[in-house]
Structures are given as C-alpha cells and as structure tokens.
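Engineer: 3D, please:
(chains A and B)
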Amino acid sequence: MSAAEAVEPVPEGMRWLDEDAGPVVRPYAMTGGRTRPEQGDFDLIELVVATRPMLSVDVGMGTELAEIIRLCQRPQSVAEVAARLRLPAGTVRVLLADLAQRRLIRRRPPVDLRHLPTQDILRAVIDGIRAL
Amino acid sequence: MGSEHSDTASLPSAFKILVAGGFGVGKTTLVDTISEIAPLLTEEYLTDESVGVDDVSGVEGKNTTTVALDFGRITISSELVLYLFGTPGQQRFAFVWDELAHGAIGAVVLADTRRLEDAFGSIDYFEQRGMPFVVAVNCFDGAKVYRPDEVEQALNLDPHVPVRLCDARRRDSVKEILVALLEHVMAAPQPA
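Structural biologist: Numbers count the residues shown, from 1 in each chain, chains lettered A, B, ... in the order given. Below you'll find the predicted structure:
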C-alpha cells in the first residue's frame, strides 16, 4: 500500500534517503519538493497520452518520467497513471506537467457538462452501458 | 490555454460518477463488478491550501498526507470514458469529497438496510450540493429485504430520488443502477 514499498528499489549508490524517510518523502524528492505543477493543474480524470513511443534515452529523464511515457502509449487518466506508478496523484500531476511542457504528452480535460449537449451524451452513455 | 491543449482530436474525454456509502457497504465490489480494468488505488494528497508551493515543511507530517481512493473505468465509446470513484467513508476526508465531486455527473449512494444510517452523510452531502444521485440498496445475503418505498421513507428521501434494490456483485444489477442514475440526471433540470 505504501508508495515506498511499491516502487522499484533504488540502486545503493543513488539512495540518498534512508528507510525512515517514509512513503511520502520520496515522492516529494522526485518532484524537487514541488507539490503543485509549474503551470496549470490536472484533474484526476484528465486523460493524457504520449506524443511518441518510449525511447531508450527516456530513462535518462528519470525512471518515473520514462515510466509515464511507457504507460501513456494508450490514453490514461491521471488517476490511472498514479495508481500504476503507485505514487500519490499530487506527485504525478507535477511530473505530468513537466512532460506536457516538453510536449511529450498531450492532455484532454474532462467533459465539461455545463457547455455540451448533455442530453445527447447522456443518451449515448446509457446505450453504452446497456451494451456492456 | 497553451497550444498543447489544441491537438486533442484523437483523445477521448472522461467523466465520472461517484460511488458513496458507509464502510463495508460494497462500494469497491460495485466498482469491480463493472470496471474493465482491475481495481486500482490511487493516493491523493490531503493538502492545506494555505501552504505555499515552495513550502515543504509539511513533509514531516507524512502519516496524514494521503488518502487512498479506489476507482474503475468503463469505455463507453472511442470518444467517452466513464470513471467510477469510490468515496472514502470517513468524515475527515471532506476535502477529497469536494475534489471528487467537482465535475462529477452524479452519484450512487449504496445502502445496507441493516445500517441505513450509514448512508445519511452521503445523502446530505449530495442533496446540499444539488448533485443528482440514486440510492442503491445492496441486498446482502441473509439481510431482510425491504421494498424501495420503505427505504425511501426510512431515509426521508425526496420522492423523486430513485431507490433501487441491487446486488453489487452482479453486473446486470450494477448496469441497471448506473442507467437509473443517468436517466435521473437526464430528467433533472439542466444547468444554465
């Protein structure tokens, strides 16, 4: 359940926090201490997709950024990326914002129900669920 | 916003439904029954909005900084993806409820007739925010089965709120609940 148990072990030479650092300190360290994206924010169900295949050089950006590019070869929500990386959503938002800034991911905000022909959408959703 | 937002033609967009109710009432079961992905858990920061972006002084309080959320996904079409989020039951996660409720299309309140009072908090929350919801009575093995109108009276619900009996383990039953919610949303006055 804790993020520290879940992520891949860090090679000994790179380990600069001890075990007591706990599950939250490492995500903070991963984002350079940032708790909010540099610009914009991501909804938990905002969909993101990589703009290109994963490349072997991506690992040089850091394991987490490379892993996000790998995961996002298909559209994923912020919540899914966070769950699959076993990182808090806040950490993932910061990392995603970095990737978006470098145009390595595209994003699609959630349906804004205040500005769409919602009756049509709702009908489509009902039909979709009945067909499951 | 920036130009990176413009090229979204091939990406579907998402919307969400909340699944609320007391602890152990079957929220996770309901999500798992209908979700096309294995159940996922994510952790959300419990942030204090007054803390500045560069302030990392909260790091010491690591035991209370996150809450786990479980959720599932249903692909409706190439353009639409539905997410179902189970809401954490505890009162102290009100902050997370507000974030989860933001933009949600509606909610399913799961109720257990042996502990109906566990549903009160969720019902009050959605009523106060004007969010459409349905009450789904999860029929546990061995529990006395009540009629929907008895549940409606016991919960003091507005008569227009749909009440359905369900079995959160059965896919057809969960589908019926979601359809009932969406039809209720359609019947509700549209926001201006």
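
Engineer: from now on I want contacts and neighbour counts done on CA atoms only, so please keep to that.
Structural biologist: Will do.

Engineer: residues in contact with B:A104?
Structural biologist: B:15-18 (CA atoms under 8 Å, 6 or more residues apart in numbering or on different chains).

Engineer: again but with B:L40, I slipped
Structural biologist: Counting by CA under 8 Å, 6+ apart, the residues that B:L40 touches are A:80, A:83-84, B:70-72.

Engineer: mind checking which of the residues you listed land in helices?
Structural biologist: Among the contacts of B:L40, DSSP state H puts A:80, A:83-84 in helices.

Engineer: which is the next helix or strand following the helix or strand hosting B:V108?
Structural biologist: Applying DSSP states H and E as the criterion places B:V108 in strand B:106-111. Following strand B:106-111 in sequence order, the next helix or strand is helix B:120-129 (DSSP H and E).

Engineer: mind giving me the packing neighbours of that following helix?
Structural biologist: Using 3 or more CA pairs under 8 Å, 6 or more residues apart in numbering or on different chains; DSSP states H and E, the elements in contact with helix B:120-129 are strand B:106-111.

Engineer: quick one: mean pLDDT for the strand it packs on?
Structural biologist: For strand B:106-111, mean pLDDT is 96.

Engineer: quick one, helices of chain B?
Structural biologist: B:27-34, B:94-101, B:120-129, B:148-154, B:171-187.

Engineer: give me the contact list for the first one.
Structural biologist: Right, helix B:27-34. Counting by CA under 8 Å, 6+ apart, B:19-21, B:38-39, B:70-72, B:74, B:84-86, B:110, B:168-171, B:174-175 sit against helix B:27-34.

Engineer: try 7 Å this time
Structural biologist: B:19-20, B:39, B:71-72, B:84, B:86, B:110, B:168-171, B:174 (CA atoms under 7 Å, 6 or more residues apart in numbering or on different chains).

Engineer: by neighbours, which of the ones in helices among the contacts of B:L40 wins?
Structural biologist: Note: the member of these with the most neighbours is A:E80, at 25 neighbours, neighbours being other CA atoms under 10 Å in any protein chain shown.

Engineer: just give me the neighbour total for the spatially closest residue to B:Y146 that is not a sequence neighbour.
Structural biologist: Excluding its sequence neighbours, the residue lying closest to B:Y146 (CA to CA, 6 or more residues apart in numbering or on different chains) is B:T113, at 7.6 Å. Neighbour count for B:T113, taken as other CA under 10 Å: 20.

Engineer: quick one on the thing from earlier: can you list the helices of chain B in TSV and add mean pLDDT and mean neighbour count?
Structural biologist: Output for these, formatted as TSV (pLDDT from 0 to 100; neighbours: other CA atoms under 10 Å in any protein chain shown):
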stretch	mean pLDDT	mean neighbour count
helix B:27-34	94	24
helix B:94-101	82	17
helix B:120-129	93	16
helix B:148-154	93	15
helix B:171-187	96	20
